[in-house]
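In: Provided below are the primary sequence and the corresponding predicted coordinates.
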Amino acid sequence: MVFALKKHISVLLACAALLGLLGSCTITRVHKDSAEISAGAAAAHHPKTDEDLNAVAAALIAKDMWAIDFLVNLKMDGKYIYDSTGEPGLSYYPVNTPDYADFDNLCAELDTIYCSPGSYSRFFAYPIFGDPQVFDLYGETYVYPHYITDFEAKIDTGSIKTSELAPDTVSVSFDILNHDFFTDGSMPMIKTAEGWRLEKSFFFHCAGRLDLLDVENAVLWEDNPILAPDQNAGSAKRFTGECMFYNIFVEDDASPWDDDAISELYELQNEAFRYLEIQAELFGHELRCYATGADSSLYLATDMHIPEQDATSDTYWFDLMVMEAGYGSVNGLLEALSEGQAYDNYGIIVNVNKQGRSYAIPCNPVFYDHGDYYAERTVVYYSTDTDYEYVLCSATVAHELLHLFGATDLYYPYDGEDIRKQLVIQYFPFELMHYVPHYVYSATVSAYTAFRVGWRNTLPEQLMMFQAEG
């Protein structure tokens, strides 16, 4: 009995072992089939070889180039995607490309290029200044052209190579064509549930690298080839360092000066100086403004009539006064006043105690007689009548002093069209060279004016049109 039981147990154990072996083979086979199916799907959905990934990357980059042309350059097939006919100026235009006139359709196309909406949302916040260039208006795609120079850099698709960074991330390297700073680059390509996508656009890849490169500090302001002739010229070159201003109080029979008026004028000057020093500091530059006081300033009287109101039609009267005083010329006057002094820049402030519109006479090498105006000067009309259009305030003084160092009026009085005027209103409506408030701290100094006076070494691409002659 006992032997017989052991025999039956052995048989049962053998059968169990056989069933177990068969079971394990079945499980193994099922597992193997699942892995093969999964691997096959992945191979079809996510290419594995470098050659396949290169092709995927090239296709995505080609679509990215399309997006840049559409969203940055506002072009498709070389043509603008809006109708700019009509009166000159700025307007919102609907996109006239049928496939992407619907904003959702445009976003759906971008979803096939970039790994998430956050990857391409920067397009809808571009450019830096002013309203977005491409935006959604009640479900339709609209554009607001900023007249920015086209982004012409391209990726050489024949140079594309991929290398794995992580299981779901590949680095795409390439050569860059038509870029001022870069000849090559790389950026990530991400594996998503929908397929491979770019982490971000090549356009913002370049912008990010420019930030890292810190182009602002890679070029000296005085060496920047885009400087206009009237920048870095005359006695007031770059509005940095220690700047000395010589007060000249002039008067005719109708406009004598008194101590109270002189004292109030100095208060306005000092407020303007402090404001400008703060603005320079905001752009990373040290500025110290000095001026001659009541005891060290020059006082000139004349029998001739000093023009008032809009005096810009007659500016030579001060030269005549200086010659009568025996200095020969305004240049000679500056030379005499600054003898033995060592400041970085010099300027002359001609103060007139009557109503009039203040103005500046900077040095501009474009003009044949620019040598006569090496000594840069501003004429400031002192008036306390608050009902008068050109009542003197510290903002006026600051505005005119900026002119001496190359700042231009941003209301563009000589432009035949209104494009730049309207862009200024949109980009920096409270800019001091466009808007002169009674309280100077209500005004700002824009990146453009900062470049003009030497507080920025470079000019953002978006603002280049302001540098062009009107």
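Out: Thanks, I have the structure now.
In: switch to C-alpha atoms for all contacts and neighbour counts from now on
Out: Noted.
In: what stretches of the chain score poorly on pLDDT?
Out: Applying pLDDT under 70 to the chain flags residues 1-50, 85-89, 309-313, 470.
In: how about the helices in it?
Out: For the chain, the helices defined by DSSP state H occupy 2-45, 50-71, 103-111, 117-120, 202-213, 259-282, 317-324, 330-338, 394-404, 419-427, 447-453.
In: tabulate those (CSV), appending mean neighbour count.
Out: CSV is the format used below for these (neighbours: other C-alpha atoms under 10 Å):
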stretch, mean neighbour count
helix 2-45, 12
helix 50-71, 19
helix 103-111, 16
helix 117-120, 16
helix 202-213, 14
helix 259-282, 17
helix 317-324, 16
helix 330-338, 17
helix 394-404, 26
helix 419-427, 17
helix 447-453, 23
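In: so which of those helices gets nearest Glu242?
Out: helix 259-282 (10.4 Å; C-alpha to C-alpha).
In: show me what that closest one is packed up against.
Out: strand 287-291, helix 394-404 (3 or more C-alpha pairs under 8 Å, 6 or more residues apart in numbering; DSSP states H and E).
In: got the contact list for the shortest one?
Out: Strand 287-291 has contacts (C-alpha atoms under 8 Å, 6 or more residues apart in numbering) with 239-247, 273-274, 276-277, 280-281.
In: which pair of these spans the longest distance?
Out: Within the contacts of strand 287-291, Asn247 and Glu281 form the most distant pair, 24.8 Å apart (C-alpha to C-alpha).
In: turn the helices of the chain into TSV, columns for distance to Gly130.
Out: As requested, the helices of the chain are exported to TSV (distance: least, C-alpha to C-alpha, whole Å):
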stretch	distance to Gly130
helix 2-45	42
helix 50-71	16
helix 103-111	21
helix 117-120	19
helix 202-213	18
helix 259-282	21
helix 317-324	42
helix 330-338	42
helix 394-404	23
helix 419-427	5
helix 447-453	13
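In: rewinding a little: looking at the helices and strands packed on helix 259-282, which is nearest to Thr315?
Out: Nearest to Thr315, of the helices and strands packed on helix 259-282 and by C-alpha to C-alpha, is helix 394-404 at 14.9 Å.
In: who's in contact with the closest one?
Out: With contact meaning C-alpha under 8 Å, 6+ apart, helix 394-404 is reached by 236, 239, 268-269, 271-273, 275-276, 347, 358-363, 376-378, 380, 432-433, 436-440, 453.
In: so among those, which ones count as buried?
Out: Buried members of those, counted by 16 or more other C-alpha atoms under 10 Å: 236, 239, 268-269, 271-273, 275-276, 347, 358-363, 376-378, 380, 432-433, 436-437, 440, 453.
In: hang on, the earlier thing: can you redo the helices and strands packed on helix 259-282 as TSV with distance to Leu463?
Out: Shown next, in TSV, are the helices and strands packed on helix 259-282 (distance: least, C-alpha to C-alpha, whole Å):
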stretch	distance to Leu463
strand 287-291	24
helix 394-404	18
